[in-house]
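A.B. asks: Here's a sequence, model it:
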Amino acid sequence: MPASSDRQAVEIEGHRLSLSHLDRVLFPASGHTKAQVLHYYARVAGVLLPHATGRPASFVRAPEGLTGQSWVAKNPPGGVPGWVPVVPVEHREGVTEQVVIDSAAALIAMANLGAYEVHVPQWTAAGGPDAHDRLVLDLDPGPGADLVLCCRVAQRLRQLLADDGLTAHAVVSGSKGLHLYAALSPTPGRAASAYAKELAGRMQGEHPGLVVASMARAARRGKVFIDWSQNASAKTTAAPYTVRLRDRPGVAAPVGWDEVAACTSTGELAFTPEEVLDRVAAHGDLLAPLTGDDTRRPLP
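C.D. replies: Below is the predicted model:
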């Protein structure tokens, strides 16, 4: 994808897009431009899409980059092409239409509109919120804790999940923490949330000095908060391979369990978009088993 001019007309998968403000610096600390973010999404789409396709997406939009306003958007923004698919989703406030990222063209079209972060639920539009097909645990380090501690907690959670017949897959969040996923046979959202909450409580009982399962922020200092609530049908999690809008562009990047075990400093598992592309070229999608049926199991 050309990235030298401020505006460029391109054709992606048979769809014409007018990419704009390509020279805009989105991340002043690193100098990453909009063109570089679009280029990343064009190249990573092959491994991102299996984890997002079919799921009603929400986005963190920041058209001006980190120096401007940012907000969470569920509804399709103005200017979204008519060929980008949408699905109706029922929320407490009523039914809204949400975009489904089902192609590289749709992914780039949304990023072109400043929707740089992609978040998805643990269920698909086809199955609905009563058929969650994956479990997620968001390990979030409180003040005084870090990603290294998250990795230690993740290793024990992996064992507990395995004891229950579930296979854990690790993804650094691209921010401060770590996401653990497990493929599920279709499961009601309330059952997935209840299991995740019970598992988080079990971990807190085992390691009360390291882990907290409470939503109370005051209890998190020096500990890892296991956010089990993202299994609620109304909640979403940063999609694997999405860019994260932080001081420097982080990525929600899958990692191997050998990397988790070996982690001794936060920087070891912090990846730029360019580094993630190199990892994909070398190893493929480390999270690919999550989308298949080989490790898909019912909740215990």
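A.B. asks: C-alpha from now on. contacts and neighbour counts both.
C.D. replies: OK.
A.B. asks: Give me the contact list for stretch 272-285.
C.D. replies: With C-alpha atoms under 8 Å, 6 or more residues apart in numbering as the test, stretch 272-285 has contacts from 37, 40, 43-44, 47, 243, 249-251, 253-254.
A.B. asks: Stretch 113-131 now?
C.D. replies: Outside stretch 113-131, the residues that reach it (C-alpha under 8 Å, 6+ apart) are 52, 54-65, 77, 79-80, 87, 110, 132-136, 186-189, 231, 233-239, 242-245.
A.B. asks: make it 7 Å
C.D. replies: Applying C-alpha atoms under 7 Å, 6 or more residues apart in numbering, the external contacts of stretch 113-131 come out as 52, 54-63, 132-135, 186-189, 231, 233, 235-239, 242-245.
A.B. asks: again, but for stretch 253-268
C.D. replies: Stretch 253-268 is contacted from outside by 146-148, 151, 170-174, 240-241, 276, 286-287, using C-alpha under 7 Å, 6+ apart.
A.B. asks: what about A145, distance to D227?
C.D. replies: Separation of A145 from D227 (C-alpha to C-alpha, to the nearest Å) stands at 15 Å.
A.B. asks: whoops, P56 was the one
C.D. replies: On the measure of C-alpha to C-alpha, P56 and D227 end up 21 Å apart.
A.B. asks: Looking only at neighbour counts, state which of those two leads.
C.D. replies: In this view P56 and D227 are compared by other C-alpha atoms under 10 Å, and P56 has more residues nearby, 26 against 20.
A.B. asks: ok now do that one, which residues does it touch?
C.D. replies: So P56 contacts 87, 98-100, 120, 125 (C-alpha under 7 Å, 6+ apart).
A.B. asks: related to what we said a few turns ago, mind checking which of the contacts of stretch 253-268 land in strands?
C.D. replies: 170-172 (DSSP state E).
A.B. asks: Most neighbours among these, which one?
C.D. replies: V172 (27 neighbours).
A.B. asks: Contacts only, for A182.
C.D. replies: A182 sits in contact with 134-136, 166-169, 290, where contact means C-alpha under 7 Å, 6+ apart.
A.B. asks: List every C-alpha atom in the helix or strand hosting it, with coordinates, as CSV.
C.D. replies: Secondary structure from DSSP states H and E places A182 in strand 178-187. Presented in CSV, the C-alpha positions along strand 178-187 are these (Å, rounded to 0.1, in the frame of the first residue of the first chain):
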residue,chain,number,x,y,z
LEU,A,178,-2.3,-10.1,29.6
HIS,A,179,-5.4,-11.8,28.1
LEU,A,180,-6.0,-15.5,28.5
TYR,A,181,-8.4,-17.2,26.1
ALA,A,182,-9.9,-20.7,25.9
ALA,A,183,-12.1,-22.1,23.2
LEU,A,184,-15.6,-23.1,24.5
SER,A,185,-18.4,-25.2,23.1
PRO,A,186,-21.4,-22.8,22.8
THR,A,187,-22.1,-21.6,26.3
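A.B. asks: quick one: buried residues of that strand?
C.D. replies: Judged by neighbour count using 16 or more other C-alpha atoms under 10 Å, the buried positions of strand 178-187 are 178-187.
A.B. asks: Is it possible to get CSV of these that adds pLDDT and distance to F27?
C.D. replies: As requested, the buried residues of strand 178-187 are arranged in CSV below (pLDDT from 0 to 100; distance: C-alpha to C-alpha, whole Å):
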residue, pLDDT, distance to F27
L178, 98, 22
H179, 98, 24
L180, 98, 27
Y181, 98, 29
A182, 98, 33
A183, 98, 34
L184, 98, 37
S185, 98, 40
P186, 97, 39
T187, 97, 39
